[in-house]
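K.L.:
Sharing a model that was predicted from the sequence below.
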Amino acid sequence: MIALRRAEARGHFDFGWLDTFHTFSFGEYYDPAQMGFRALRVLNEDRVQPGRGFPTHGHRDMEIVSYVLEGALQHRDSLGNGSVIRPGEVQRMTAGTGVTHSEFNPSDGALVHFLQIWIVPDRRGYEPSYEQRTIPDADKRGAFRLLAGSPGSGALVTVHQDVRLYSLSLERDQEVVYELRPDRHAWVQMARGAVTLDGQPLWQSDGAAVSEHSSIRLIGIESAELLVFDLR
């Protein structure tokens, strides 16, 4: 079964400084039919104006992954971390027992466009922690590059959940197949461009939930970048 989540069906708010789309219920957007998929709880696509951002705020008991598509995102947190995240990098913050942080667009003239991902951890009460790693472009061209996964998975960053998050880039007519175990599910999220998923077209910012499939076949309609979540 494949359930499509078209870009235009998402929750949308434009606050002037922030243009945000919510795949699942979040903040002021609530849809009881869209409360997440498996352990994937939040998938927001945000565009933040230059010199603006999210002031210091708190989180707990959530695995938060940021994936920047354009521009730069400045991060500061109560653990003492301060960094700038750019395209080609992935950031993970375990909120655990509690952490505060801020996210800010440090540019004078360019938007920052990024995906904010929240994954429910396998238990409460982890010690807060932070990771940021670089993803060489070559590693995801026509191949599934493991960005985030459980401890020991070999992922660039570690999340406290039985989840594997991959990035992938495809050119036109390039084809890949991802094998799914019988007890697993997938979420496919388009970052840019277009592909077919088992023959169904997915365009920029579309998503799809996949269950009861032994594999998924992705073919580039045009140059594309996407994320694939393998979920319990």
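P.N.:
Received the coordinates, thanks. Numbers count the residues shown, from 1 in each chain.
K.L.:
Next up, phi/psi of Glu8, please.
P.N.:
phi -70, psi -10 (degrees, to the nearest 10).
K.L.:
what number of residues lie near Ser118?
P.N.:
Wrong residue type there; residue 118 is Trp, not Ser. 19 (other C-beta atoms under 10 Å). Yep, even glycine has a C-beta here, placed from its N, CA and C like the rest.
K.L.:
Quickly run through the sheet partners of the helix or strand it falls within, with directions.
P.N.:
Taking DSSP states H and E as the definition, Trp118 sits inside strand 112-119. Strands adjacent to strand 112-119 in the sheet, as given by DSSP bridges, are strand 40-48 (antiparallel), strand 63-70 (antiparallel).
K.L.:
Let's have those strands in TSV, adding mean pLDDT.
P.N.:
Below are those laid out as TSV (pLDDT from 0 to 100):
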stretch	mean pLDDT
strand 40-48	98
strand 63-70	98
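K.L.:
farthest residue from the center of this structure?
P.N.:
Asp108 (25.6 Å; C-alpha atoms, centre = their mean).
K.L.:
So that one is in contact with Pro50, correct?
P.N.:
Yes. Applying C-beta atoms under 8 Å, one finds Asp108 in contact with Pro50, separated by 5.7 Å.
K.L.:
Export stretch 104-124 to PDB, keeping only CA atoms.
P.N.:
Extracted in PDB, the C-alpha atoms of stretch 104-124 (Å, rounded to 0.1, in the frame of the first residue of the first chain):
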ATOM      1  CA  PHE A 104      18.700  31.500  13.200                       C
ATOM      2  CA  ASN A 105      19.400  32.500   9.600                       C
ATOM      3  CA  PRO A 106      22.700  34.400   9.800                       C
ATOM      4  CA  SER A 107      22.600  35.700   6.200                       C
ATOM      5  CA  ASP A 108      22.100  39.300   5.300                       C
ATOM      6  CA  GLY A 109      20.300  38.500   2.100                       C
ATOM      7  CA  ALA A 110      19.600  34.800   1.500                       C
ATOM      8  CA  LEU A 111      16.800  32.500   2.700                       C
ATOM      9  CA  VAL A 112      17.500  29.300   4.600                       C
ATOM     10  CA  HIS A 113      15.400  26.400   3.400                       C
ATOM     11  CA  PHE A 114      15.500  23.200   5.500                       C
ATOM     12  CA  LEU A 115      13.700  20.200   6.600                       C
ATOM     13  CA  GLN A 116      13.000  19.700  10.300                       C
ATOM     14  CA  ILE A 117      12.500  16.100  11.300                       C
ATOM     15  CA  TRP A 118      11.300  14.800  14.700                       C
ATOM     16  CA  ILE A 119      11.600  11.100  15.500                       C
ATOM     17  CA  VAL A 120      10.000   9.600  18.700                       C
ATOM     18  CA  PRO A 121      12.800   7.900  20.700                       C
ATOM     19  CA  ASP A 122      12.500   4.300  21.900                       C
ATOM     20  CA  ARG A 123      12.300   5.500  25.500                       C
ATOM     21  CA  ARG A 124      12.200   8.600  27.500                       C
END
